[in-house]
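Colleague: what's the 3D shape of this:
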Amino acid sequence: MDTAIEVQGLRRSYAGRGSESGYEAVRGLDFSVRQGEVFALLGTNGAGKTSTVELLEGLAPPTSGQIRILGLDPFHDRAVVRPWIGIMLQEGGLPSELTALETARMWAGCTTDARPPEEALALVGLEGRADVRAKQLSGGERRRLDFALALTGRPRVLFLDEPTTGLDPQARRTTWELVRSLRDEGTTIVLTTHYLEEAEALADRLAIMTEGRITVSGTPEEVMAARPSRIRFLLPPGLAPAQLPLSLPAAVHDRQVEIRTQDLQTTLTELLLWARAQGVVLEALDARSASLEEVFLEIAGEQNELKRHAAAVQGGEAA
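Modeller: Numbers count the residues shown, from 1 in each chain. Okay, here's the model as predicted:
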């Protein structure tokens, strides 16, 4: 499969003002996105996602490093690359007095090889709201209109920034299906989202950024498999924590037992065999692999701990 996006050694710095020192938002990224793939770029606020995506979209040149979108530089070759990409911003800034259809017509008039406006609205389920002014659309409907505009130019590469913010569960699922159908038609999609369930459901591959760097990347399954699974249950009445199998590293709080393991099937089998031998029932038994949300929160927690440690060291040196 051909590569649609190639990023090597990407850095972006912002100059300071007055006595302030500069800030490096992106600190040496290397990744690629294949054609016809959904790639999710995740991270906490301030991780560098927005700066990275702006560089990919050609809105600014990198401080150093290289970006290729379909083989070309998105900033220096912007006139060639721009018709190939669609961009759905987190805030679209729609003209409030225009109707949805008028907005789509306006956008189509500025777009090469544009879809018919009615088709763009139908793709996102807004055909029944075509004559409604943008200011009268709900927040979720405005997001769908933003999506329709991003699809107007039949993009080969599509950037989606928080595409389902404000959508109800049904509209979110419909948007997911549209994203999947676009991918199946060969569109390359870069997705940023705070809904980790969304990234888990849609992404073929993903990267989690912290402090301007990629901390972990791979398929959702690979990223989740790198973290331990967990088993939880209530300690049976009359049994002490010391009576649990010694081979299982269990943490016990009151009666709540939690076991972390890299081999969920083997550990769960051993636990169930032990319970049968003891003649006990494991109440509230819950066994599951790590979710993407758990991985994300764990990485964020590790970064916060590193920050606290660094601050403590600096404080000690200052003293």
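Colleague: low-confidence ranges, the stretch 151-300 of the chain, go.
Modeller: Within the stretch 151-300 of the chain, no stretch has pLDDT under 70.
Colleague: give me the number of residues near the nearest residue to residue 123 once chain neighbours are set aside?
Modeller: Leaving aside its chain neighbours, residue 123 sits nearest to residue 151 (5.9 Å; criterion: Cβ to Cβ, 6 or more residues apart in numbering). Yep, even glycine has a C-beta here, placed from its N, CA and C like the rest. Residue 151: 22 surrounding residues under other Cβ atoms under 10 Å.
Colleague: can you tell me which residues contact residue 151?
Modeller: 86, 115, 120, 123, 124, 158, 182 (Cβ atoms under 8 Å, 6 or more residues apart in numbering).
Colleague: tabulate those in a markdown table, adding columns for neighbour count, secondary structure and distance to residue 47.
Modeller: Shown next, in a markdown table, are those (neighbours: other Cβ atoms under 10 Å; DSSP: H, G, I helix; E, B strand; the rest coil; distance: Cβ to Cβ, whole Å):
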| residue | neighbour count | secondary structure | distance to residue 47 |
| --- | --- | --- | --- |
| 86 | 22 | strand | 24 |
| 115 | 19 | coil | 34 |
| 120 | 29 | helix | 32 |
| 123 | 18 | helix | 31 |
| 124 | 23 | coil | 29 |
| 158 | 25 | strand | 22 |
| 182 | 20 | helix | 26 |
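Colleague: quick one: the residue of the chain most remote from its centre from residue 278, how far?
Modeller: The outermost residue of the chain, judged against the average C-alpha position, is residue 238 (45.6 Å), by Cα atoms, centre = their mean. Using Cβ to Cβ, to the nearest Å, one obtains 10 Å as the distance from residue 238 to residue 278.
Colleague: my guess is residue 236 contacts residue 281. True?
Modeller: Yes: at 6.8 Å, residue 236 counts as touching residue 281 under the criterion of Cβ atoms under 8 Å.
Colleague: number of residues surrounding the residue nearest to residue 101 when sequence neighbours are not counted?
Modeller: Spatial nearest neighbour of residue 101, excluding adjacent residues (Cβ to Cβ, 6+ apart): residue 130 at 4.0 Å. Using other Cβ under 10 Å, residue 130 has 16 other residues around it.
Colleague: identify the residues contacting residue 130.
Modeller: 99, 100, 101, 118, 121.
Colleague: go on, residue 268?
Modeller: Residue 268 sits next to 231, 287 when contact means Cβ under 8 Å, 6+ apart.
Colleague: so it, which of the three states?
Modeller: Following DSSP: H, G, I helix; E, B strand; the rest coil, we place residue 268 in the helix state.
Colleague: cool, residue 27 as well?
Modeller: Residue 27 is classified as strand under three-state DSSP.
Colleague: show me where this protein has strands.
Modeller: 3-14, 23-34, 38-43, 64-69, 85-88, 157-161, 188-192, 205-210, 213-218, 229-234, 250-253, 256-261, 283-288 (DSSP state E).
Colleague: can I get those strands in TSV with distance to residue 79?
Modeller: Formatted as TSV, those follow (distance: least, Cβ to Cβ, whole Å):
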stretch	distance to residue 79
strand 3-14	19
strand 23-34	22
strand 38-43	25
strand 64-69	13
strand 85-88	12
strand 157-161	16
strand 188-192	20
strand 205-210	29
strand 213-218	30
strand 229-234	50
strand 250-253	59
strand 256-261	53
strand 283-288	50
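Colleague: so for residue 138, which of those strands sits nearest?
Modeller: Closest to residue 138 of the strands of the chain, according to Cβ to Cβ: strand 85-88, at 17.1 Å.
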